[in-house]
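>>> coords below, sequence missing:
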Ligand SMILES: Nc1ncnc2c1ncn2[C@@H]1O[C@H](COP(=O)(O)OP(=O)(O)OP(=O)(O)O)[C@@H](O)[C@H]1O
Ligand SMILES: [Mg+2]
């Protein structure tokens, strides 16, 4: 680990964390009564990688994480750690650290005993336990709260205890299930930085579940997008943000204008499409878009240009419905005469009812096959 | 208490204290209940205590503690304590030992759960008297229990199940079980399964989880169940008479008190015996709580929150 | 399921649960055997030594009805059970609400005092209480029986209803207050409807207990105020004078009365919620 000696002195006991080689997840499937919570889930995780699983509520993120932790038994599929199949390894022998969404701190133990628990289970000598517990608490800035009980801590502090408890055992893999979702916005940002800092310092291979796209983008080396139990796309933050492969992924990353279209001619990756109301648009075809077929078109609010009526080139005539100030720009809801409603982002305020012309850059309007 | 009440909406949710003073107005609704407890419970209790130190009849000359001295000084009377304890303690322990694993398992869904819980709770409606009546038939010399044992050649002579210690023991164990089970079920279903899962991911095996996490978290429930069960079995009365041997091995302390009051009409002596009973009872409850506090320190968090 | 998968399940889940069914079956068989013994005997014309009675009759029920005045005893039981339930709810629910919602000096001792009657044997306060009631000329009367039965029922209401009120979001009441409802209206229009399931649960449990409670009724009741249990105890105690089958007939009537109430309770409430937990 490339710890900088100046900033990372001795207390980083977990810095000697056991490194894993490679985690391979193959065809993981889990069905509950009548829902398929996880379907044919494949993922490779490299040592030291921070990988996020992102998706809407109920899409199976927790199920995937619980399968990795060994808390849910998959119906099919394999989890291989450096080639070793984990199917027969119970959770208590996997050596993975888990941070639960509800923290799941032991209410009858002090903070110190909570953190020491995993070490005691490993049979670590008590002097060493005390030392490593102290270091772990220092790592999350809770040195002074060791004697408190969980009920006497704030949400953010409980979160840190949960983190320390998982880190102190030097996990081969750190699993976190929406660890920040119970915190307020400011604390969430703070803890996000903290998690980033810890990851940089300790280099732990981390599997992180969230439904917050910003969290995933800022923390991850790679992001997996899930919907209905299926992993839709895996890639670096840049890849998923700039080159979504499906309308679902695009919508998750800010393509707020999504509508059904019929595809006209497709040439050189350019697609001419017709939106409801006969609105004709030009866009960039993603794989699987065919002439004459149904498709889904998506564009970000900032990629729709708004101008005054008139001018040389033909645009989409429309009327402004309302404008909202969002800090660095205005977001307007604009209804095209053909009936389609666009959300657009403009530097200037447009008054309600103003007539405008919309222009959409064909390279920014993505056309996906329907799901 | 039930659910994570303490953490969220416990007392203080609507603070009553203001500027250091207390507004007593909102507390008025508690007054009727308080009056009832004072008049119908505290006063009789105190009255009984006072009565017990004013011996009458032949004991009147013996001083304030004559009733107590008479009770402890007479082997026959004194034995009733032992007769009661040797029923109450093992019965409570047995019921706890049976109810704990069941309650722990039934906190999670299981096929037929409602039926199972209903079957375990139904003896509540039997009541000690019906239980005793049925037992006299069922466990009698010609009853089904002995018929089965004889048919299986497990015994050669009918076993004497009733009108002795065994009869009272069985009857109490059955009658007391539902309440113990219900209390434990309430606590067990309040456990957050995530907490045990967290222990698992930290390397705790089955036994370590049980000893370090589950049992300590259930300690308040176990204590409550033990206390309630002891109260119920310690004041056993009807079954000790109907399926026991009221003139001998199952002459329990409640029976001794009742006989003093209603057969000898010596209320002061009966009150003294009742006070001895209450004292033993409270000592036991205090013991249970002390043990519980050793197992579980720190604030109680309800489970499900 | 393959052996491997089964082994894996045993590790991730908590092992199989056959022992639950086995334990419940043994317990249920025992209880059923005891009940059936009494029941069959109550409809047996005679039963000498065989596995089943020699013949059947409804004679003993008619006998019990006439001889033991069963109708009247049942009536007393219902009156006592219902009155005790209603009165202890009226007394206990407001108290539980206050205990759940207000932190005040002395709250814990007060709670302890209110539940104390559950922690001491009824006979300890029952004997002097009976003496008091006789002095007040209430001994042996129906009112006296109802009064004594309130004592153990009240703590039960407090123990069930306090946690129930605690889990109701206090913001509901605040919202009602901002909408112009006074304290009484808040209680009547907002809290009571929400608390109704809890009260129903508490009420049914108290009814079951009031029907089954023996000691206090035994100490206080007179010839015209015996509940079923007490009447049953007297007849059973005087066994030998009366035919055993008639006593069993009465016991069966008692059992069925209690069972009806309990099954009603189980229909309305999950047993898990019938429970008391004491916060310390
Ligand atoms: N124990 C269970 N029994 C039945 N269904 C379950 C169970 N656990 C999860 N499910 C179902 O499986 C699906 C996936 O659940 P999962 O908890 O993995 O979602 P999630 O992506 O973590 O959602 P969230 O963001 O809300 O936490 C959901 O439809 C859920 O209802
Ligand atoms: Mg989840």
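Cool, got the structure. Keep in mind the model is a prediction, meaning the values are calculated, not measured. Ligands and ions are numbered 1, 2, ... in the order given.

>>> can you list the weak-confidence ranges in the stretch 201-305 of chain B?
For the stretch 201-305 of chain B, the stretches flagged by pLDDT under 70 are B:295-305.

>>> Can you give me the buried ones in the helix or strand containing residue B:166?
Here residue B:166, judged by DSSP states H and E, is contained in helix B:165-189. Of the residues in helix B:165-189, B:165-189 count as buried by neighbour count, 16 or more other CB atoms under 10 Å in any protein chain shown. For every residue, glycine as well, the C-beta is placed using N, CA and C.

>>> same question, stretch A:247-265
A:247-253, A:255-257, A:259, A:261, A:263.

>>> for stretch A:299-308, same thing?
In stretch A:299-308, counting by 16+ other CB under 10 Å, buried: A:299-301, A:303-306.

>>> Can you tell me which of those is nearest residue A:289?
residue A:299 (15.2 Å; CB to CB).

>>> Just the pLDDT for that closest one.
You'll see residue A:299 listed with a pLDDT of 93.

>>> quick one: contacts for it?
Contact partners of residue A:299, counting by CB atoms under 8 Å, 6 or more residues apart in numbering or on different chains, are A:255, A:257, A:283, A:360, A:364-366.

>>> change it to 10 Å
Residues in contact with residue A:299, defined by CB atoms under 10 Å, 6 or more residues apart in numbering or on different chains, are A:250, A:255-259, A:281, A:283, A:342-344, A:360-362, A:364-366.

>>> Give me the distance between the closest residue to chain C within the stretch 151-300 of chain B and chain A.
The nearest approach of the stretch 151-300 of chain B to chain C comes at residue B:186, 2.7 Å away (CB to the nearest CB). Going from residue B:186 to chain A by CB to the nearest CB, to the nearest Å gives 17 Å.

>>> And residue C:88, by the same measure?
33 Å.

>>> so residue B:268 touches residue B:66, yeah?
Yes. With contacts counted by CB atoms under 10 Å, residue B:268 reaches residue B:66, the gap being 8.9 Å.

>>> Please identify which helix or strand holds residue C:40.
Assigned by DSSP H and E, residue C:40 falls in helix C:18-42.

>>> Next: residue C:217.
helix C:215-220.

>>> Pull out the buried positions in the host helix or strand of residue C:64.
Using DSSP H and E, residue C:64 falls within helix C:59-67. Within helix C:59-67, the residues scored as buried using 16+ other CB under 10 Å are C:59-61, C:63-65.

>>> Against which helices or strands is it packed?
The contact analysis (3 or more CB pairs under 10 Å, 6 or more residues apart in numbering or on different chains; DSSP states H and E) places helix C:59-67 against helix C:18-42, strand C:44-46, helix C:70-101, helix C:228-237, helix C:244-268.

>>> Among the ones you listed, show me which one is buried the most.
helix C:228-237 (a mean of 23; mean count of other CB atoms under 10 Å in any protein chain shown).

>>> how big is the angle separating that one from helix C:59-67?
110 degrees (axes from the mean of the first three to the mean of the last three CA atoms, to 10 degrees).

>>> average pLDDT for helix C:228-237?
80.

>>> Stretch A:95-109 now?
In the prediction, stretch A:95-109 has an average pLDDT of 87.

>>> does any bit of it sit next to chain B?
Yes. Applying CB under 10 Å from any CB of the partner chain, one finds stretch A:95-109 in contact with chain B at A:95-109.

>>> State the number of residues packed around residue C:153.
27 (other CB atoms under 10 Å in any protein chain shown).

>>> next helix or strand past the helix or strand encompassing it?
Residue C:153 belongs to helix C:142-166 when assigned by DSSP H and E. Per DSSP H and E, the first helix or strand lying C-terminal to helix C:142-166 is helix C:170-178.

>>> buried ones in that next one?
Within helix C:170-178, the residues scored as buried using 16+ other CB under 10 Å are C:170, C:173, C:176.

>>> Also stretch B:39-59?
Buried-residue list, stretch B:39-59, by 16+ other CB under 10 Å: B:40-41, B:44-45, B:47-49, B:51-53, B:55, B:59.

>>> What is the end-to-end distance of it?
Taking CA to CA, to the nearest Å, stretch B:39-59 runs 29 Å from one end to the other.

>>> what about that stretch and chain C, touching?
Yes. Contact of stretch B:39-59 with chain C (CB under 10 Å from any CB) involves B:39-52.

>>> What's the separation between the residue of the stretch 151-300 of chain B closest to chain C and residue C:147?
Separation of residue B:186 from residue C:147 (CB to CB, to the nearest Å) stands at 30 Å.

>>> touching chain B at all, stretch C:188-206?
Yes. Judged by CB under 10 Å from any CB, stretch C:188-206 comes into contact with chain B through C:198, C:205.

>>> So for that stretch, what gets flagged as buried?
Applying 16+ other CB under 10 Å to stretch C:188-206 flags C:190-191, C:195, C:198-199, C:201-206 as buried.

>>> Neighbours of residue C:112, how many?
The number of residues near residue C:112, taken as other CB under 10 Å, comes to 12.

>>> so it is in which element?
Applying DSSP H and E, one finds residue C:112 within helix C:107-119.

>>> Where does residue C:200 sit: helix, strand or coil?
When classified by DSSP: H, G, I helix; E, B strand; the rest coil, residue C:200 comes out as helix.

>>> give the contact list for residue B:267.
Taking CB under 10 Å, 6+ apart, one finds B:47-48, B:51-52, B:54, B:56, B:260-261, B:274, C:127-128, C:130-131 in contact with residue B:267.

>>> mind redoing it with 8 Å?
B:51, B:56, B:260-261, C:127-128, C:131.

>>> Quick one, which of those are buried?
Looks like the contacts of residue B:267 have B:51, B:260-261, C:127-128, C:131 buried, using 16+ other CB under 10 Å.

>>> Redo the residues you listed as CSV? Include distance to chain A.
Formatted as CSV, the buried ones among the contacts of residue B:267 follow (distance: CB to the nearest CB, whole Å):
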residue, distance to chain A
B:51, 44
B:260, 46
B:261, 45
C:127, 41
C:128, 41
C:131, 46
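
>>> which among these gets closest to ligand 1?
Closest approach to ligand 1 among the buried ones among the contacts of residue B:267 (CB to the nearest ligand atom): residue C:127, at 54.4 Å.

>>> And the strand or helix carrying the closest one, what does it pack against?
Using DSSP H and E, residue C:127 sits in helix C:122-135. Packing partners of helix C:122-135 (3 or more CB pairs under 8 Å, 6 or more residues apart in numbering or on different chains; DSSP states H and E): helix B:43-52, helix B:253-262, helix B:267-295, helix C:142-166, helix C:215-220.

>>> ok, and for that helix, which residues are buried?
Those would be C:122-133, for helix C:122-135 by 16+ other CB under 10 Å.

>>> Likewise for stretch A:63-75?
A:63-74.

>>> what's the span of it from first residue to last?
End residues of stretch A:63-75 are separated by 12 Å (CA to CA).

>>> Thank you, goodbye.
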